[in-house]
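Undergrad: let me see the structure of the following:
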Amino acid sequence: MESQLPILDPGIGSDPQVDPARALEKLDALRRDLAGRLSEGVLVTFSGGMDSAFLLWVANTVRVEEGGTVVALTTISPSTPARDKEDASAFTGGLGVPHIWRESGEVSNPDYVRNDRDRCYHCKTELFRIAEEVSKEEDLRWLLYGYNASDHEDDRPGHRAAKEAGVVAPLSDAGLTKAEIRHLMMEAGLPLARKPASPCLSSRIMTGIPVTPERLRDVEAMESILKDSGVETLRVRICETDDGSAFLRVEVPPQEMARILDCREALQKESVARGYRWLTLDLGGYRTGGGVS
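TA: Reported below is the predicted structural model:
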């Protein structure tokens with residue numbers, strides 16, 4: 001994998017939301033920020049998603065050019081999709097970045113298991129606790145994570161945990177949006193540039209339904225059937241009726257709904273085997289959050 005930063009033509013932009021010249025200005029600001037930290041060592045919390053991959057790649061490229069230390073940290077638990085683990089391992093392997101893996105214990109925390117609106121806060125608190133331990137072990141001064149300027153629009157309890165822990169968000173500080181990050185990654189030909197958003201499996205469980213390893217396995221098994229059938233953007237959500245009956249709701253973009261029928265029998269068989277009363281297709285299509293609250 002090439003680790004050099006892209007040389008872009010400011011007139012080229014595959015996304016109408018993105019001004020390529022402005023994106024390059026923000027990239028330069030990010031480079032300057034990271035260059036000032038690398039001499040003291042940085043630890044990037046790396047989920048295997050696009051944003052943290054971009055942050056890690058830029059940090060490593062600046063390290064190659066100017067020196068310093070960068071290490072990736074990935075925490076794993078039952079809420080981590082197996083494919084995200086594979087993506088994370090392949091990406092750091094291509095970069096040649098030291099990559100530390102640690103078990104995360106959020107699913108043992110009753111406050112997390114309760115699955116209220118602060119679930120992400122408890123998850124990130126655990127992540128940054130582990131990151132602090134690793135940074136001390138590795139003698140790294142700065143903790144970084146992939147919060148970006150587009151995330152300002154959402155309620156992010158996890159960002160509250162980051163601020164409490166003193167974790168830095170260089171993508172946000174540089175003003176880089178998700179669209180700009182994707183654009184820059186695509187121009188550089190990086191893996192994960194086209195990867196859809198992939199939040200943890202717990203995000204598929206309706207608020208108020210306790211998070212358990214069994215439910216997380218249910219979600220991953222159902223989503224794997226869809227992914228193996230070629231569906232790229234999807235969610236399988238665990239919901240409950242007023243009488244406590246559990247059912248599954250599948251969300252995909254409208255243009256991919258026809259694919260669901262191709263694997264309908266496999267989905268139905270798996271859902272029944274896992275004890276769900278119904279398996280439904282949400283005709284409203286995929287949407288962030290999916291109305292699980």
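Undergrad: residue 59 belongs to a helix, doesn't it?
TA: Yes. Under DSSP: H, G, I helix; E, B strand; the rest coil, residue 59 sits within a helix.
Undergrad: all helices of the stretch 101-250 of the chain, in order?
TA: Using DSSP state H, counting those that start in this stretch, the helices found in the stretch 101-250 of the chain span residues 110-113, 119-138, 157-165, 170-173, 178-187, 213-228.
Undergrad: can I get these in TSV with distance to residue 264?
TA: C-beta: built from backbone N, CA, C; applies to glycine. As requested, these are exported to TSV (distance: least, Cβ to Cβ, whole Å):
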stretch	distance to residue 264
helix 110-113	32
helix 119-138	31
helix 157-165	35
helix 170-173	40
helix 178-187	32
helix 213-228	10
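Undergrad: so which of those helices gets nearest residue 37?
TA: helix 170-173 (8.1 Å; Cβ to Cβ).
Undergrad: report the separation between residue 211 and residue 164.
TA: Distance of residue 211 to residue 164, computed by Cβ to Cβ, to the nearest Å: 22 Å.
Undergrad: from residue 28, how far off is residue 35?
TA: Distance from residue 35 to residue 28, by Cβ to Cβ: 10 Å.
Undergrad: domains for the protein, by residue range?
TA: Listed by automatic domain parsing, the domain ranges of the chain are 20-187, 201-281.
Undergrad: nearest to residue 195, of the ones you listed?
TA: The nearest among those, by Cβ to Cβ, is domain 20-187 at 5.3 Å.
Undergrad: pLDDT on the closest one, on average?
TA: Domain 20-187 comes out with an average pLDDT of 96.
Undergrad: if I look at residue 26, how far off is residue 162?
TA: According to Cβ to Cβ, residue 26 stands 20 Å off from residue 162.
Undergrad: between the two, tell me which one has more neighbours.
TA: residue 162 (24 against 20; other Cβ atoms under 10 Å).
Undergrad: isn't the more buried one up against residue 146?
TA: No. Checked against Cβ atoms under 8 Å, the pair residue 162 and residue 146 is beyond contact range at 10.3 Å.
Undergrad: list the residues that contact both of these two?
TA: Counting by Cβ atoms under 8 Å, 6 or more residues apart in numbering, the common neighbours of residue 162 and residue 146 are residue 169.
Undergrad: quick check: closest non-adjacent residue to residue 239.
TA: Once flanking residues are discounted, residue 239 sits nearest to residue 206: 4.8 Å by Cβ to Cβ, 6 or more residues apart in numbering.
Undergrad: how many residues are close by residue 80?
TA: Residues lying near residue 80 (other Cβ under 10 Å) number 21.
Undergrad: surely it touches residue 198?
TA: No. The pair residue 80 and residue 198 fails to qualify as a contact (Cβ under 8 Å) at a distance of 9.8 Å.
Undergrad: and the pLDDT at residue 12?
TA: Reported pLDDT for residue 12: 34.
Undergrad: revised request: answer the last question for residue 15.
TA: At residue 15, the pLDDT value in this model is 66.
Undergrad: over to residue 5?
TA: 41.
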